[in-house]
Each structure stands twice: as C-alpha cells, then as structure tokens.
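Undergrad: A structural model of the following input is requested.
(one chain, ligands or ions: 1)
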Amino acid sequence: MKINKNLVTSVLIFDSGIGGIPVYLTIKKIFPKINYAYIIDNDSFPYGDKKNSFIVDRIIKCIYKVHKKQKIILAIIACNTASVISLRKLREVFSFPIIGIIPDIKSAVKITKNKIVGLLATKATINSAYMKRFIKNFSSYVIIRNIIVSDIINVVENMFNTTYQSVYKTLSILSPWIEDRTSNPDTIILGCTHLLLIKKEIKNFFGRKINLIDSKSDLLKNVYIYKKSIFSIKKKNTVYYTKMEERIKILIQVFKEIGFEKFEEIFT
Ligand code: DGL
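TA: Prediction:
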C-alpha cells in the first residue's frame, strides 16, 4: 500500500457504532496529547447479525480508506464482534499494530463465587469459533450462560436521540437473570462495547450485588506495550463515518464534546 509520508499520524479507534466511545475515553486519559481517528461504520451497523466474511471485508475496506488519509500507528478495534471475527485477518493485511477487545472470561472466572458467569454479546460474538473455543476451555471451571443483546445494542446506538426510558425498557431482556442468585450469574461479562455506555443502568437494573466485567483490562495492557511508539503531532481528531444520515448529525455534536473536530464521510 502506498502511503504518503507527510500524513498525520494517529491512533485509530474502530467500531460499527458508538461503542468505541468509552474505549476512546479510557485510552485518551492515558495518551491525551496524541491524534485520534475514529471510524464509525454506521452504514453497516449492527455487525452482530452479519456474516463473518462481510464483517472482515468491511473492516478492511474502512481501515484501508483511512490509512490512505492518515498514518495509523496503532489500531484499536473497540468492538468485541469485530475483534473475535477479524483480528487475525487484519494483522495479516496491515503492517501497523492492531489490538482488540475480547470478552474477558478469564477475569470473570477468577471473580465468580457461585461459578456461574453470564456473557452478554451479539449473536456473531457468541457463535464465533474464537468464543466457542474460549468458552470450552473454561467450561470445566464455570457454567457460562449467554444472552444475545442485539435489542439493547440497537437502543444504545440511538441513545442520544431517544429517551433513557427506552434504554431501561430494553434491559428487560436480562430479566431471566434478575432473581434467584443461586442459579443465576453473579458475574456478568459486558461482551459488547455498547454496554459499557450503560454500565450503571445495568447495575441498577439487577439491584443486587453483581460483578460486571467490562473487558478493558487486557486491551489496556496491550496498549501499554506500544506506549513508546505512540506519539504524534497534535492535529485535529477526526471521525470518519460511512454514511451521512440524520443520526450522524446528532453524533457529530456528541463527538465534538469529547475532543473531535473534523468529520468526514468515507465510502466503502
Ligand atoms: N460495539 C459492538 C460490539 O462490541 C457492537 C456490535 C454490533 O455492531 O452489532 O460487539
């Protein structure tokens, strides 16, 4: 790939939607002075019900587009669905370091007291070969239950143009786990970055002591590995979206409040 050497360097955050925001805010606290690019593949949202081949192809196209405009020094796939499905392929295609966020079963297994762990994620994440292997490896230590949370993800994706009531309403999908502590998870993995935006609401919904695992610690450990090579001259943080729609106009305001100044549509 031909890259112009005078390009702006940046750390890339990738998600199908706004789930990358809590990841970006965490990374930004560690590296406040560098340049960020955020890809929101809103045209393909949600990834969770798409085929693996579509998701991989799509992410490669989006990142390729941005890498022609900016020199990416580190790409953070801030989407569990994209990470479990595409990380290996992305590392084959691109030469810059790429890290992702993966449902953190290991931490959940360490914390759970009743040995029942819940996994909240998309259909694509739960059915991925990566997660199935991972779950199998831990199945002799704990019982892992899962709930596909696509409806919650859809509401969260629109949380800036909807009411908080609809966020609470959609949490009723989690009702089967609300009662009876002995046979339900005492530890729940938030296996989708959209859920990090409503961590407090999920905690309140259960109204009992529950451990919520946000899966960020492994990601952060990996970011620290690249600490020395992460530097850039501060320019303008840019959001690249894949389709102009009404919702994007609202999101532009949200992104402005968290330090983004440039907004650009990329066609894939
Ligand atoms: N934030 C993505 C994840 O972590 C959302 C999935 C989707 O687009 O369906 O899985």
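Undergrad: and Ile250, what are its phi and psi?
TA: Ile250 has phi and psi values of phi -70, psi -40 when expressed as degrees, to the nearest 10.
Undergrad: What distance do you get for it to Val93?
TA: As defined by Cβ to Cβ, to the nearest Å, Ile250 lies at a distance of 33 Å from Val93. Glycine gets a C-beta too; all of them are placed from N, C-alpha and C.
Undergrad: same question, Met244
TA: The gap separating Met244 from Val93 is 27 Å, by Cβ to Cβ.
Undergrad: Ile213 and the ligand, how far apart?
TA: Applying Cβ to the nearest ligand atom, to the nearest Å, the value for Ile213 to the ligand is 14 Å.
Undergrad: what sits opposite that residue in the beta ladder?
TA: With beta bridges defined as DSSP bridges, Ile213 has these partners: Ile189.
Undergrad: was I right about it contacting Val109?
TA: No. Under the contact definition of Cβ atoms under 8 Å, Ile213 does not touch Val109, with a separation of 9.9 Å.
Undergrad: In contact with Phe45, which residues?
TA: Contacts were defined as Cβ atoms under 8 Å, 6 or more residues apart in numbering; by that measure Phe45 touches 16-17, 157.
Undergrad: So which of the residues you listed is the closest to Glu179?
TA: The closest of those to Glu179 turns out to be Glu157 (Cβ to Cβ; 28.8 Å).
Undergrad: so what's that closest one scoring on pLDDT?
TA: Each residue has a pLDDT score; the one for Glu157 is 95.
Undergrad: distance of it from Val23?
TA: Taking Cβ to Cβ as the measure, Glu157 falls 15 Å from Val23.
Undergrad: okay, these two: which has more neighbours?
TA: Summary of the neighbour comparison: Glu157 and Val23, criterion other Cβ atoms under 10 Å, with Val23 having more neighbours (26 against 23).
Undergrad: Nearest spatial neighbour of that one, chain-adjacent residues omitted?
TA: Setting aside the residues directly before and after it, Val23 is nearest to Ala78 in space (Cβ to Cβ, 6 or more residues apart in numbering), at 3.8 Å.
Undergrad: any idea how far that neighbour lies from the ligand?
TA: Distance, Ala78 to the ligand, using Cβ to the nearest ligand atom: 7 Å.
Undergrad: which residues sit in contact with that residue?
TA: Neighbouring residues of Ala78 by Cβ under 8 Å, 6+ apart: 13-15, 19-20, 23-24, 101, 193.
Undergrad: who does the strand or helix carrying Lys132 touch, helix- and strand-wise?
TA: Assigning secondary structure by DSSP states H and E places Lys132 in helix 129-138. The criterion is 3 or more Cβ pairs under 8 Å, 6 or more residues apart in numbering; DSSP states H and E, and the helices and strands that helix 129-138 contacts are helix 80-93, helix 105-111.
Undergrad: if we go to 10 Å?
TA: Applying 3 or more Cβ pairs under 10 Å, 6 or more residues apart in numbering; DSSP states H and E, we find helix 129-138 packed against helix 80-93, helix 105-111, strand 116-121, helix 123-126, strand 143-148.
Undergrad: Let me see the residues that make contact with it.
TA: Residues outside helix 129-138 that contact it (Cβ atoms under 10 Å, 6 or more residues apart in numbering): 52, 80, 83-85, 87-88, 102-103, 105-106, 108-109, 117, 119, 121, 124-126, 128, 142, 144, 146, 191.
Undergrad: would JSON lines of the contacts of Phe45 with distance to Asn237 and secondary structure be doable?
TA: As requested, these are exported to JSON lines (distance: Cβ to Cβ, whole Å; DSSP: H, G, I helix; E, B strand; the rest coil):
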{"residue": "Ser16", "distance to Asn237": "19", "secondary structure": "coil"}
{"residue": "Gly17", "distance to Asn237": "18", "secondary structure": "coil"}
{"residue": "Glu157", "distance to Asn237": "21", "secondary structure": "helix"}
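Undergrad: Can you sort out which of the residues you listed also neighbour the ligand?
TA: Of the residues in the contacts of Phe45, proximity to the ligand by Cβ under 6 Å from any ligand atom holds for 16-17.
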